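Q: Predicted model follows, preceded by the sequence.
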Amino acid sequence: MMPTFVKRYLIALNRYKWAGLAGFFAVLGASGVVALQPPPSQEYVAEGALIENSPILTFTATGSEIQASGQGIFNKDILLADILLQQVADRLEQQSIEIEPDQIREKTAINVSEEAEGIRRSVVVRYTSEQPEEAEAALGLLFEGMVEFSRFNNKARLRSIIEALNERLPAVEAELRNAEQRLERYDRVEGPAIQASLDGSLLGAISSSQTQRRQNQVGLASIEAQMRSLQSRLGLSPEQAYASSALSADPIIADLRAKIYSAESQMELLSPQLRPAHPTMVDLRQQRDAYTQLLRERAAEVIGGGTLRPLPSGAEVRQDSSLDPARATLANQLVGLETQRETILQQQQTLAQSEQELRQQYASIPNKQLERDRLAQQVVLKKTLYDQIQAKRIDAESAEAETVSSLTVSKPPLVRPVPLETTNALIILAVGGLIGLVAGGAIVYLLDMLDSTVRTHEELENILRDQEIPILSVIPTLSVRSARALPLMLQSDSPYEEIYERFRSNIQLVANQSDDRKQPKVILITSSKGGEGKTVSAYNLAIASARAGKRTLLIEADLRSPSQAVQIGIEPDRQATIEPLRYYGGKIGDHIRLVPSVENLYISPSPGPQRQAAAILESSEMRRFLEDARIRFDMVILDTPALSHNNDAMLLESHTDGLILVTRPNHTEKNVLLAVFEQLEESESVRLLGAVVNGAEIPIAAAAEWDDIESPLENLEKIEAEPEYAVPMRPPVEF
């Protein structure tokens with residue numbers, strides 16, 4: 001048996017033979033054009049080699065670096081630079097050889113050796129031309145230009161380094177000067193403090209301040225002890241002692257006190273003899289009061305102190321001004337000690353403030369030192385960079401005199417003819433023919449791959465088995481006498497009768513293998529697309545059922561197409577096309593016709609074509625008609641439109657016991673068929689009884705013997721005869 005792939009390819013070859021032949025003759029024609037080409041003209045190749053220049057002794061570091069970086073010229077793009085090729089073209093033009101730089105690049109082949117330790121790199125250059133003089137002259141000029149270009153490239157590198165350093169130097173020098181000026185300004189402001197911290201004078205000042213404060217505290221304690229002793233003797237505070245001393249030391253106050261005392265003494269002596277109203281007593285009192293008033297005024301002047309600090313005492317002027325010389329001396333000593341005490345206290349306060357400032361200054365010394373070190377470090381860094389740039393610039397200027405090329409000629413150009421390679425024209429045609437066959441076959445295969453139509457019944461069977469769809473029958477291509485006539489089994493001796501009888505019985509077997517074992521009585525036949533033979537299958541299945549003794553009704557439910565009842569001698573009712581609902585709503589016998597050529601077969605012709613087919617199928621008249629048909633007939637078969645065209649079949653499926661899908665090689669498209677299966681899977685209420693492969697290219701005898709459905713009796717016999725691992729037949733799929 002021929003493999004499925006080969007059979008499909010032969011079918012594709014028959015369909016796309018002209019495209020394959022076009023590809024074959026196109027390749028063959030191209031090979032013929034190549035075979036008829038004249039032999040190439042004699043060419044000459046000039047070949048030479050350049051080698052890496054030996055390391056030279058240099059006195060500058062930049063010279064060594066440039067010599068090392070010059071090895072990067074071992075590159076085809078650099079060796080064949082535009083400026084170099086233009087110069088070579090100009091030199092060749094002076095020698096009466098006109099050639100463009102791009103042509104020189106095309107004729108030149110460069111092979112650069114790989115880098116290896118201890119081995120100098122080399123460059124093999126080949127120049128191909130039809131003229132040996134051109135090849136020799138061009139390669140010689142190329143060698144000369146490559147060596148000079150390498151030297152010029154090295155020198156250009158040096159010049160670029162020098163220019164870059166010169167551009168960088170002013171900015172670096174300015175940065176160095178700025179860093180030095182910042183350090184100088186910082187040293188002028190903070191330098192003394194940092195130096196004082198470094199030489200110990202700051203710590204000495206803090207220690208001296210502390211020593212002085214301790215000495216002042218000792219002196220202050222001695223003074224306060226003396227003051228307490230004097231205060232206990234005098235009974236006066238320092239302020240009171242100061243006021244009493246001042247009043248006692250004033251001569252005017254002393255004279256006024258003496259006069260007041262003299263007046264009071266006279267008044268005391270005369271008071272026993274004279275009455276207070278006596279003129280003498282009055283006169284003495286007036287004198288006393290005057291002197292007292294003058295004493296108060298003078299005391300006010302002394303106590304007020306003029307521009308001096310006012311004295312705190314003075315209420316009892318005579319008492320406060322009555323110090324004797326000894327007590328006045330003690331009072332003066334107390335005032336002096338108070339002055340010393342205040343002086344020492346002020347000195348202590350000043351020393352404490354100074355010490356605090358010194359301590360704060362000493363605490364900030366580390367930060368100032370760090371800041372100074374940072375500024376100094378910046379100066380060092382800028383100075384180092386400046387010195388490096390200066391040294392590098394001087395080194396680069398010195399290296400300019402040592403610049404040499406990185407390439408040297410190791411093998412001068414040598415011209416030799418290129419051997420001509422000729423190919424036999426017959427060999428080219430044979431190879432072209434072979435390639436043409438392959439190309440033509442590939443074109444046929446690609447076109448077939450782009451076509452999603454299933455070409456063989458084996459492929460259809462594999463798709464159905466992969467989807468676990470029972471295959472009810474494989475029907476061969478039916479022969480017809482006329483292109484307009486349907487291939488129907490109207491003759492009782494039709495060779496296809498056994499095939500459709502097995503198709504009918506397989507439907508019953510599939511029902512027996514289901515869970516509910518319900519025999520289908522109303523069957524809907526449809527297909528994935530048009531032209532797959534669903535109508536022929538519905539008619540012949542109805543004929544097979546009628547000849548099996550079952551009262552069978554065939555309903556043409558494709559209301560979008562004209563009726564095919566004329567194929568079996570039934571003339572459709574023309575009035576039904578105008579009033580389809582009345583056609584289905586009348587008595588059941590009004591639109592059911594008996595087929596004269598087949599016993600037990602009835603048909604309900606379609607009133608199509610109808611524009612509102614879906615509304616008619618969903619009508620209550622159609623529902624009642626199908627319910628009555630289920631009761632009155634043993635088998636009802638509905639011929640419906642394809643699933644990919646509309647949803648008419650799905651509208652009627654709920655009134656049936658199952659659905660049969662008709663497929664056909666060379667018509668069924670795999671993508672459409674898989675989409676139909678997916679649609680049926682999404683609808684859980686749809687019961688798919690199986691599928692039919694229609695129009696298979698197999699003999700009638702083989703189709704009559706084909707059976708993919710096993711009967712329960714055969715299953716029982718196989719279970720008894722076969723081992724336990726035999727795979728049982730799949731039941732019908734219910735979605």
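A: Noted; the coordinates are in hand. Residues are numbered from 1 along each chain as shown.
Q: which element follows the strand or helix carrying L426 toward the C-terminus?
A: Assigned by DSSP states H and E, L426 falls within helix 425-450. Sequence order places helix 457-466 as the next helix or strand after helix 425-450, per DSSP H and E.
Q: Would you pull up how far that following helix lies from the middle of the chain?
A: Here helix 457-466 shows a centroid-to-chain-centroid distance of 46 Å under the convention Cα atoms, centre = their mean, to the nearest Å.
Q: counting contacts, what elements does that helix pack onto?
A: When contacts are defined as 3 or more Cβ pairs under 8 Å, 6 or more residues apart in numbering; DSSP states H and E, helix 457-466 sits against helix 4-15, strand 471-476, helix 670-682, strand 687-696. For glycine as for every other residue, the C-beta is placed from the backbone atoms N, C-alpha and C.
Q: tell me the angle it makes with strand 687-696.
A: 170 degrees (axes from the mean of the first three to the mean of the last three Cα atoms, to 10 degrees).
Q: Next, the angle from helix 457-466 to strand 471-476.
A: Relative orientation of helix 457-466 versus strand 471-476 (the same axes, to 10 degrees): 170 degrees.
Q: Could you save the helices and strands packed on helix 457-466 as JSON lines and add columns showing mean neighbour count, mean pLDDT and distance to Q340?
A: As requested, those are arranged in JSON lines below (neighbours: other Cβ atoms under 10 Å; pLDDT from 0 to 100; distance: least, Cβ to Cβ, whole Å):
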{"stretch": "helix 4-15", "mean neighbour count": "15", "mean pLDDT": "65", "distance to Q340": "131"}
{"stretch": "strand 471-476", "mean neighbour count": "25", "mean pLDDT": "90", "distance to Q340": "135"}
{"stretch": "helix 670-682", "mean neighbour count": "16", "mean pLDDT": "88", "distance to Q340": "118"}
{"stretch": "strand 687-696", "mean neighbour count": "24", "mean pLDDT": "90", "distance to Q340": "129"}
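Q: What's the first helix or strand after the helix or strand hosting S244?
A: According to DSSP H and E, S244 maps onto helix 238-249. Scanning forward in sequence from helix 238-249 by DSSP H and E, the next helix or strand is helix 251-270.
Q: Output the contacting helices and strands for that next one.
A: Counting by 3+ Cβ pairs under 8 Å, 6+ apart, helix 251-270 packs on helix 279-304, helix 317-320.
Q: Of the ones you listed, which stretch is the most buried?
A: Comparing the helices and strands packed on helix 251-270 by mean neighbour count (mean count of other Cβ atoms under 10 Å), helix 317-320 ranks first with a mean of 18.
Q: on that earlier part again, of all the helices and strands packed on helix 251-270, which lies closest to L486?
A: helix 279-304 (152.8 Å; Cβ to Cβ).
Q: Also compute the angle for the closest one relative to helix 238-249, please.
A: 130 degrees.
Q: now helix 279-304: how far from the chain's centre is it?
A: With Cα atoms, centre = their mean as the basis, the mean position of helix 279-304 lies at 111 Å from the chain mean.
Q: for the helices and strands packed on helix 251-270, which one sits closest to L553?
A: helix 279-304 (150.4 Å).
Q: dump the residue contacts of the residue lying farthest from the centre of the chain.
A: No residue in the chain sits farther from the centre than Q273, which is 132.6 Å out by Cα atoms, centre = their mean. For Q273, the contact set (Cβ atoms under 8 Å, 6 or more residues apart in numbering) is empty.
Q: V686 reaches L659, doesn't it?
A: Yes - between V686 and L659 there is a contact at 6.3 Å, judged by Cβ atoms under 8 Å.
Q: packing partners for the helix or strand where Q210 lies?
A: Element membership for Q210, per DSSP H and E: helix 201-234. Applying 3+ Cβ pairs under 8 Å, 6+ apart, one finds that helix 201-234 contacts helix 132-199, helix 238-249, helix 325-363.
Q: In CSV, list the ones you listed along with mean pLDDT.
A: Shown next, in CSV, are the helices and strands packed on helix 201-234 (pLDDT from 0 to 100):
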stretch, mean pLDDT
helix 132-199, 81
helix 238-249, 73
helix 325-363, 80
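Q: Mind checking those helices for the one nearest to S619?
A: Nearest to S619 among the helices and strands packed on helix 201-234 is helix 132-199 (94.4 Å), distances taken as Cβ to Cβ.
Q: got the angle for the closest one vs helix 201-234?
A: Angle of helix 132-199 versus helix 201-234, following the same axes, to 10 degrees, is 20 degrees.
Q: Give the helix, strand or coil label for the residue nearest to E100 when sequence neighbours are not counted.
A: Sequence neighbours aside, A89 is the residue nearest to E100 in space, at 6.5 Å (criterion: Cβ to Cβ, 6 or more residues apart in numbering). Using DSSP: H, G, I helix; E, B strand; the rest coil, the structure places A89 in helix.
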